[in-house]
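# got a predicted structure plus its sequence, pasted below:
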Amino acid sequence: LVGFENHSGRTFLGPEARPLGKVLMGKGNNGSDRTEGCVQGGIIGTYLHGSLLPKNPHLADHLIGAALRRRGGGVLSTLDDSAELAAHGWILQRAQRR
């Protein structure tokens, strides 16, 4: 995932939770364990904000797909995410150069 966070909180996950991701650049949940966000059951939490879903279309597709399954079915139509994926890749490359 790519995104922006601006907080001074320190979050440590409990035994039932797992991290949403591993921080490659930045502070993440607490600045020490390189984790970002939390997944527990069907709940996802993150400090990432701004345009999180447009910058991460795979996460948006996951959330929409989960909502469709919860409602009893339906299939997420395939969309052309090429522009969004290109933006995602550009942000990743830019962050890795820093």
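Sure thing, it's come through.

# right, and Gly26 touches Asn6 too?
No: the criterion here is Cβ atoms under 8 Å, and Gly26 misses it with Asn6 at 10.2 Å. To be clear about C-beta, it is placed using only N, CA and C from the backbone, and glycine gets the same treatment.

# next one: stretch 15-26 to chain centre, how far?
Centroid separation for stretch 15-26 versus its chain: 10 Å, with Cα atoms, centre = their mean, to the nearest Å.

# quick one: terminal-to-terminal distance for that stretch?
24 Å (Cα to Cα, to the nearest Å).

# which non-adjacent residue is nearest Gly3?
What sits nearest to Gly3 in space, not counting adjacent residues and going by Cβ to Cβ, 6 or more residues apart in numbering, is Leu48, at 3.3 Å.

# ok, now Ala95?
Computed as Cβ to Cβ, 6+ apart, the closest residue to Ala95 that is not its neighbour in sequence is Met25, at 5.0 Å.

# the one you found sits in which helix or strand?
Assigning secondary structure by DSSP states H and E places Met25 outside every helix and strand.

# any idea how many residues pack against it?
The local packing count at Met25 equals 10, with neighbours defined by other Cβ atoms under 10 Å.
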